[in-house]
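could you work out the structure for the sequence below:
(one chain, ligands or ions: 1)
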Amino acid sequence: MKRSGGYVYIIGAGPGDPELLTIKAERVLHEVDVILYDNLVSSELIEQFDALKIYTGKRKDRHHFEQDAINEEIVRHARQGKTVARLKGGDPFVFGRGGEEIAYMRKKGIEYEIIPGITAAHGASAYTEIPLTMRNISSSVAFCTGHPLEKIHVPDADTIVYYMVASAASDVSKALIDKGKAETTKVAIVQNATRYNQKIFAGTLGELKNRDLQVVSPALLILGENINEFIADSWYAKKKKVLIAGDDSGRYTPRHHVIVRYPFTVVKSIDNKEVRRCMEKIGDYSCVLFTDFHAVGYFFNALVESGRDARHLANASICVTGKKVSAELLRHGVKPDYSFDAGNIVEELRTVRGDGFSGEDVLLPGSGSIDDPVVNALTALHNRVTPLQVHVQGLDSSDELIDLDCIDEIYFSAPSCVENFKSFYEAIPENITVTTADRETGMEYKKLFRG
Ligand code: SAH
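So this is what the prediction gives:
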């Protein structure tokens with residue numbers, strides 16, 4: 001029988017710290033065509049990979065339906081012959097629904113493999129210095145879910161880790177006492193484990209049940225006598241959390257700092273009517289101009305999604321700027337008719353065409369910030385230009401802003417970084433140390449934030 005093609009990797013991304021990705025996962029993520037990622041996977045982690053990125057964050061209210069849709073999405077991409085990474089927070093087989101995904105793929109005859117990840121319990125344990133087992137204190141450990149509350153289990157284990165406890169952290173403590181756990185049992189709730197904004201709520205079950213805990217997701221609860229008294233002073237808590245805007249040229253080191261890069265310029269797909277409508281009449285364009293590396297992959301994805309392929313571009317001349325864009329286009333089986341080295345492409349087009357380049361229908365796939373000068377210059381020559389947004393680049397509403405309350409220092413490497421930062425943050429809290437690369441940057445900072 002002929003294989004349906006495609007290949008799927010189900011990958012655990014680890015609990016948050018991007019360096020907790022395995023070497024195998026990193027290699028594979030560099031190789032795949034598409035990455036379908038969860039809301040627990042940080043933008044910072046995936047921005048380094050060139051694959052097409054599709055966010056599959058689930059909404060609480062429609063859990064089941066959404067998982068079906070994700071299963072179908074994985075299979076749909078695989079059936080197009082692509083190599084697909086299904087990237088999940090932590091480990092795929094620890095409350096990760098990886099089991100359901102492989103069952104679906106088996107049913108559909110799709111080949112796959114699984115790459116484990118560091119589960120949140122292990123991340124939280126290491127970054128808060130809570131050993132999960134310890135000689136003479138704890139000889140067994142269990143992973144449980146804290147949700148739904150009515151069904152909570154209390155297994156006979158010395159250390160118990162409860163996942164999914166955020167919104168009901170004090171109620172979970174209450175439920176555990178009701179099930180027979182002593183009020184004096186030590187407990188630690190770890191929120192955002194292994195991330196710059198890791199936060200710990202520690203005490204006894206009796207204490208936590210009465211506290212109005214403002215715990216946000218993701219958080220887990222660890223129960224056991226091996227919770228150290230120095231939990232608030234862990235090696236990770238002690239590291240300075242530095243937000244770097246721009247390039248610090250190695251000034252800050254992971255040995256001494258937790259480095260948070262700003263902004264996260266993740267590139268991801270957008271699904272909109274305009275893209276679909278444009279693909280329907282793709283044959284009408286006489287020229288397609290690619291000036292953006294990422295736009296190539298997203299453009300071809302949209303083309304294939306619409307049931308078409310490169311043959312539908314047969315009547316258009318294909319122009320690119322830059323070797324990297326050109327190579328990316330070749331990867332999709334299309335050799336550009338014209339390839340320029342950036343510079344003034346409109347002028348170059350006029351020259352090579354001889355006839356001056358006018359009266360054409362030009363399609364310009366790109367991101368939100370489409371090259372206005374190119375659009376204007378082409379329009380001035382009486383061409384009909386369609387800028388088409390095929391992907392988004394940079395922060396958008398689904399990305400979280402950095403929580404400045406968890407930051408100790410901010411570094412700005414250039415005045416433009418200060419300016420950009422100002423467009424997202426009105427103010428910088430007084431207790432944050434601000435360091436600037438040079439005098440100009442310092443002046444810009446004073447003007448915009450301390451003026
Ligand atoms: N497959 C994941 C778990 C997914 S279920 C894993 O192996 O870690 C989602 C739950 O995981 C969250 O509700 C929370 O309890 C836990 N979790 C995931 N990442 C976490 C983090 N960085 N800090 C604390 N808890 C986390």
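
nearest spatial neighbour of the closest residue to the ligand within the stretch 201-350 of the chain, chain-adjacent residues omitted?
Of all residues in the stretch 201-350 of the chain, P218 sits closest to the ligand, at 3.4 Å by C-beta to the nearest ligand atom. Every C-beta, even on glycine, is put in place using the N, C-alpha and C of the backbone. Excluding the flanking residues, the one nearest P218 by C-beta to C-beta, 6 or more residues apart in numbering is L40, at 6.2 Å.

surely the one you found and A219 touch.
No - if you go by C-beta atoms under 8 Å, L40 and A219 don't touch, sitting 11.8 Å apart.

ok so, going back, do you know how far the residue nearest to P218 is from the ligand?
Separation of L40 from the ligand (C-beta to the nearest ligand atom, to the nearest Å): 5 Å.

can you check K446 too?
From K446 to the ligand the distance is 36 Å (C-beta to the nearest ligand atom).

and that residue, what pLDDT?
The model reports K446 with a pLDDT of 96.

just checking, it is part of a strand?
No - K446 is assigned helix when assessed by DSSP: H, G, I helix; E, B strand; the rest coil, not a strand.

give me the neighbour count for it.
13 (other C-beta atoms under 10 Å).

how about Q191?
Neighbourhood size, Q191 [other C-beta under 10 Å]: 22.

how about it, what does it touch?
Counting by C-beta atoms under 8 Å, 6 or more residues apart in numbering, Q191 touches 166, 197-201, 215-216, 218-219.

residue in the chain nearest to the ligand?
G90 (1.9 Å).

need the pLDDT of G368.
Predicted confidence (pLDDT) for G368: 67.

got it, and I70?
I70 is assigned a predicted lDDT (pLDDT) of 89.

cool, and the one 3 residues further on?
The pLDDT attached to E73 in the predicted structure is 90.

and S4, by the same measure?
pLDDT recorded at S4 is 52.

go on, D271?
D271 carries a pLDDT value of 70.

which strand or helix spans it?
For D271, there is no host helix or strand (DSSP states H and E).

what's around it, how many residues?
D271: 9 surrounding residues under other C-beta under 10 Å.

lowest-pLDDT helix or strand in this structure?
Within the chain, no helix or strand scores below strand 267-269, which has a mean of 74 by mean pLDDT, DSSP states H and E.

so who does V161 touch?
V161 makes contacts with 121, 124, 132, 141-144, 220-223, as judged by C-beta under 8 Å, 6+ apart.

go with 6 Å
Contact analysis of V161 by C-beta atoms under 6 Å, 6 or more residues apart in numbering lists 121, 143, 220, 222.

in helices, which of the residues you listed appear?
Those of the contacts of V161 mapping onto helices are A121, per DSSP state H.

got a pLDDT number for the spatially closest residue to F93 that is not a sequence neighbour?
Once flanking residues are discounted, F93 sits nearest to G99: 6.5 Å by C-beta to C-beta, 6+ apart. As summarised for this prediction, G99 has a pLDDT of 94.

still on that earlier bit, what about the ligand: which of the contacts of V161 touch it?
Residues of the contacts of V161 in contact with the ligand (C-beta under 6 Å from any ligand atom): L220.

other SSEs contacting the least confident helix or strand of the chain?
Counting contacts by 3 or more C-beta pairs under 6 Å, 6 or more residues apart in numbering; DSSP states H and E, strand 267-269 packs against strand 52-55, strand 391-393.

could you pull out the buried residues of the helix or strand just after the last one?
Counting by DSSP H and E, the next helix or strand C-terminal to strand 391-393 is strand 409-412. With burial defined by 16 or more other C-beta atoms under 10 Å, the residues of strand 409-412 counted as buried are 410-412.

could I get the full set of strands for the stretch 251-400 of the chain?
257-262, 267-269, 287-290, 317-321, 338-340, 361-366, 384-389, 391-393 (DSSP state E, counting those that start in this stretch).

return the distance of T435 relative to Y262.
Separation of T435 from Y262 (C-beta to C-beta, to the nearest Å): 14 Å.

same question, I46
Using C-beta to C-beta, we find I46 at a distance of 16 Å from Y262.

also Q198?
For Q198, the distance to Y262 equals 18 Å [C-beta to C-beta].

S286 against D361, yeah?
Yes - with contact defined as C-beta atoms under 6 Å, S286 reaches D361; the gap is 5.0 Å.

enumerate the residues of the stretch 201-350 of the chain near the ligand.
Within reach of the ligand by C-beta under 6 Å from any ligand atom, the stretch 201-350 of the chain has these residues: 217-220.

next, format those residues as JSON lines and append pLDDT.
Below are those laid out as JSON lines (pLDDT from 0 to 100):
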{"residue": "S217", "pLDDT": "92"}
{"residue": "P218", "pLDDT": "95"}
{"residue": "A219", "pLDDT": "97"}
{"residue": "L220", "pLDDT": "97"}
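
among these, the buried ones, what's the PyMOL command?
A single PyMOL command selects the buried members of these (16+ other C-beta under 10 Å):
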select buried, resi 218+219+220
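
relative to A342, which of the residues of the stretch 201-350 of the chain next to the ligand is nearest.
Checking those against A342 by C-beta to C-beta gives P218 as the nearest, at 42.7 Å.

can you give me the end-to-end span of stretch 367-385?
Counting by C-alpha to C-alpha, to the nearest Å, you get 15 Å between the two ends of stretch 367-385.

next, G203: secondary structure please.
strand.

still on that earlier bit, going by mean pLDDT, which of the helices and strands packed on strand 267-269 comes out lowest?
Among the helices and strands packed on strand 267-269, strand 391-393 scores lowest, with a mean of 76.

circling back to that earlier point, can you pull the buried residues of whichever strand or helix holds the residue nearest to F93?
Taking DSSP H and E as the criterion, G99 maps to helix 98-108. Using 16+ other C-beta under 10 Å as the burial criterion, the residues of helix 98-108 that qualify are 98, 101-102, 104-105.

next one: it to chain centre, how far?
Helix 98-108 sits 24 Å away from the centroid of its parent chain (C-alpha atoms, centre = their mean, to the nearest Å).

contacting residues around the helix or strand just after that helix?
Where DSSP H and E defines the elements, the next helix or strand beyond helix 98-108 is strand 112-115. For strand 112-115, contacts defined as C-beta under 6 Å, 6+ apart pick out 8-11, 24-25, 105.

show me the contacts for K240.
Per C-beta under 6 Å, 6+ apart, neighbours of K240: 257, 408.

identify the bridge partners of it.
H257 (DSSP bridges).

show me the shaky parts of this structure.
1-4, 58-65, 263-266, 368-371, 393-400 (pLDDT under 70).

okay, now the domains of it?
For the chain, automatic domain parsing gives the domain ranges 7-117, 122-232, 240-265+395-449, 268-392.

buried set for stretch 210-228?
For stretch 210-228, the neighbour count (16+ other C-beta under 10 Å) marks 213, 215, 218-224, 226-228 as buried.

one more: stretch 162-178?
162-166, 168-170, 172-177.
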